[in-house]
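Colleague: Can you look at this prediction? I've put the sequence above it.
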Amino acid sequence: MAWNFFYSGNSMHPTFRPGDVLRVEACPFPALRVGEVVVFRHPRQGNQVVHRVVAVLPQGLVTQGDNCPEPDEVLIPPSQVLGRVVACERGGRLLGVAPEPPRPSGRRRAWAKLDRLAARFLQPIYRRLAGRFAGWLTLRLMCFPRPEGLEWQL
């Protein structure tokens, strides 16, 4: 049994783009392999998600979006897997699904590494400063009478 799935979101970019129509086929759990793209019902949120399989365990799948830095935190039980994506229709053309995510360019990898390095050093400083200034910043709702009526300001 196969059906079409209208893709939205950015977690699988650049493999899929919002507006792509994905062709999904039912697939028994034991037949799923690492690298395949699956549609599943999120165990906590209940919404349908499209991600790539990064590990197949007896108790479920470990998945990750192609545009996500880390695997999903939730293990996907076999009962939540709806099917395997076998093709993508974009702009009237039928495209296959690559068995692995597209590799980012060298420049993009370098920026990502620099970003992670900067975040590691700057995040503690940011948190410390944010904690100090949080006490100074308090919101107050003020009301001023005006000839045309009351004026409310934050």
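Modeller: That came in fine, so what should we check first? Numbering: from 1, shown residues only.
Colleague: all strands of this structure, in order?
Modeller: 2-6, 21-25, 37-41, 48-57, 60-64, 81-90, 93-95, 142-146, 149-153 (DSSP state E).
Colleague: Show me where this structure dips below the pLDDT cut-off.
Modeller: For the chain, residues meeting the criterion pLDDT under 70 lie at 104-105, 133-137.
Colleague: can you give me how far stretch 106-122 is from the chain middle?
Modeller: Put simply, stretch 106-122 sits 19 Å off its chain's centre (C-alpha atoms, centre = their mean, to the nearest Å).
Colleague: related to what we said a few turns ago, and L114, which of the strands of the chain is closest to it?
Modeller: Distance to L114, taken as C-beta to C-beta, is lowest for strand 60-64 among the strands of the chain, at 22.1 Å. Where you see a C-beta, it was placed from the backbone N, CA and C, and this is true even at glycine.
Colleague: Now do that closest one against strand 48-57, angle only.
Modeller: On the basis of axes from the mean of the first three to the mean of the last three C-alpha atoms, to 10 degrees, strand 60-64 is oriented at 120 degrees to strand 48-57.
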